[in-house]
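[1] Dropping the sequence and predicted coords here.
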Amino acid sequence: MYCKINDKFKEECGVFGIFGTKEASVLTTLGLHSLQHRGQEGAGIVSFDGKAFHSARKQGLVGDNFNNKDILSKLPGKTAIGHVRYSTTGESKPENLQPFFANLAIGGFACAHNGNLTNTYSIKKQLVESGSIFQTSSDTEIILQLVARSKKKKIIDKLIDTLYQIEGAYSLVILTNKKLIGVRDPLGIRPLVLGEKNGSPVLASETCALDMIGAKYVRDIENGEIVVITDSGIESIKPFKKIPERPCIFERIYFASPDSLVGNKTVYTYRKALGEQLAIENNVIADVVVPIPDSGVSAAIGFSQKSKIPFELGIIRSHYVGRTFIEPSQTIRQFGVKLKHSVNRSCIENKKVILIDDSIVRGTTASKIVKMVYEAGAKEVHLGISCPPILHPDFYGIDTPNYNQLIASKSSLKEMTKLVGAKSLFFLSLNGTYKAMGCGKRNSKTPQFTDHCFTGEYPIDVTEILKLNR
Ligand code: AMP
């Protein structure tokens, strides 16, 4: 999410909500913990106890902040929503942590958002000009402002009124004094699933959060669907004209947890198939296949099984440092790569090595690791990437840098190979990527995914954001 002109503010987030159960905030904490890979900068929970709303938002990891009775006793009630947030560009202000809460004329309204809105600037400009005061630099705040200002009577109609004005990617989890509401944008870019724990409905970004609390997966929230959960049951509202969904392909490639279910298969299955397809498309001769952990592991297994080249854990990852991208500056990020990975010499020395990773963004991880592997005595280092080159930035809720920092956007394959220092560098084709997803070929008229990172075809207009990012 990002908002003011100068805030190059992007977030990747996870959302969770549970309705009508004892210890709702404890279950929300567990759900958020399992969604931690979607955001490590901060987390928040809002609960409702039948009379009042309670809120806690903390910078840092869920397990470090929501792990004791003190904090959870301040979040009583049978219904709660939560959010984990990931921002990368220094906008680590506590006021940007979600869920956001507002006391509207018709009652309390808490909202947690995963995704980026694309027309924030123009809406915010109008709102500010007509007297709205903003407290955060997050685009999510415009949702609350628009709901508050809507002339409609009922909360659902106010929400629909708002959805008709906003554009972009959004999976929302909303809590009012009677309702838990889930919303997915018309293209269903970011995920949102419905589950059930002993009769209590649950909403979560991914099914791994359902598994964590022993909830059953019921179904995905459809693109353009609103689900309204009350004491009388679950109602589905579809306020938009039905269009084919376009989920973000990068959720499957990198972002979602490998154990989460997408379209009845685990994300791991897709990633392994991406690795298999990469081996079909490229037959490099080598002694070992080594994943860049953790992101390259599933694809490397697929690549090794298909190519029959032995799989070895030639790189060891420390689990005591966060994702490379969390580091805000390039200098620290480079240092971070060293802190994060070390070489297991015994699998590398005198070997021709194929390293596998899921993606290359800036090229920082790859170049550090290729160097380390050569230093450890490898004869040859090849690098296989289980997706196509990332040529275009994302503006729908996955953090990727601007064009000038995307290595594939500014360099040819030959230049990239030189920059990362590998003997060869190979990517998966776009059609191969679709094939691994079980889609056959990419349908060029209505692509099955939102795949602008590879194609530059943005399904929702991003002119406003491109102008601001210049
Ligand atoms: P880079 O070092 O900039 O080339 O980043 C590539 C590494 O970051 C790969 O290991 C990816 O798995 C991981 N990665 C890819 N996309 C993202 C993202 N949006 N946020 C955080 N990490 C990412």
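    Right, received. Where do you want to start?
[2] In the stretch 51-200 of the chain, what residue spans correspond to strands?
    53-59, 79-85, 100-104, 107-114, 171-175, 180-184, 193-197, 200-204 (DSSP state E, counting those that start in this stretch).
[3] Save those strands as JSON lines, and put in distance to the ligand, mean neighbour count and mean pLDDT too.
    C-beta: built from backbone N, CA, C; applies to glycine. Below are those laid out as JSON lines (distance: least, C-beta to the nearest ligand atom, whole Å; neighbours: other C-beta atoms under 10 Å; pLDDT from 0 to 100):
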{"stretch": "strand 53-59", "distance to the ligand": "19", "mean neighbour count": "19", "mean pLDDT": "96"}
{"stretch": "strand 79-85", "distance to the ligand": "13", "mean neighbour count": "32", "mean pLDDT": "97"}
{"stretch": "strand 100-104", "distance to the ligand": "23", "mean neighbour count": "17", "mean pLDDT": "96"}
{"stretch": "strand 107-114", "distance to the ligand": "14", "mean neighbour count": "25", "mean pLDDT": "97"}
{"stretch": "strand 171-175", "distance to the ligand": "17", "mean neighbour count": "28", "mean pLDDT": "98"}
{"stretch": "strand 180-184", "distance to the ligand": "21", "mean neighbour count": "26", "mean pLDDT": "98"}
{"stretch": "strand 193-197", "distance to the ligand": "21", "mean neighbour count": "21", "mean pLDDT": "98"}
{"stretch": "strand 200-204", "distance to the ligand": "20", "mean neighbour count": "26", "mean pLDDT": "98"}
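[4] Quick check: which of these is nearest to Gly363?
    Between Gly363 and the strands of the stretch 51-200 of the chain, the shortest gap by C-beta to C-beta is with strand 79-85, which sits at 26.2 Å.
[5] Each with direction, which strands does the closest one pair with?
    Taking DSSP bridges as the criterion, strand 79-85 forms sheet pairs with strand 14-18 (antiparallel), strand 42-48 (antiparallel).
[6] okay, how far is it across stretch 130-147, tip to tip?
    Terminal residues of stretch 130-147 are spaced 15 Å apart (C-alpha to C-alpha, to the nearest Å).
[7] Columns distance to Ile221 on top of the strands of the stretch 51-200 of the chain, output as a markdown table?
    A markdown table is the format used below for these (distance: least, C-beta to C-beta, whole Å):
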| stretch | distance to Ile221 |
| --- | --- |
| strand 53-59 | 23 |
| strand 79-85 | 14 |
| strand 100-104 | 20 |
| strand 107-114 | 12 |
| strand 171-175 | 8 |
| strand 180-184 | 5 |
| strand 193-197 | 6 |
| strand 200-204 | 7 |
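[8] Lys216 is nearest to which of these?
    Distance to Lys216, taken as C-beta to C-beta, is lowest for strand 193-197 among these, at 5.1 Å.
[9] contact partners of that closest one?
    With contacts defined as C-beta atoms under 8 Å, 6 or more residues apart in numbering, strand 193-197 is touched by 18, 21, 27, 182, 201-207, 210, 213-221, 227, 234, 261.
[10] do that again at 10 Å, thanks
    By C-beta atoms under 10 Å, 6 or more residues apart in numbering, the surrounding residues in contact with strand 193-197 are 18-21, 27, 31, 171, 182, 184, 201-211, 213-221, 225, 227, 229, 234, 236, 260-262.
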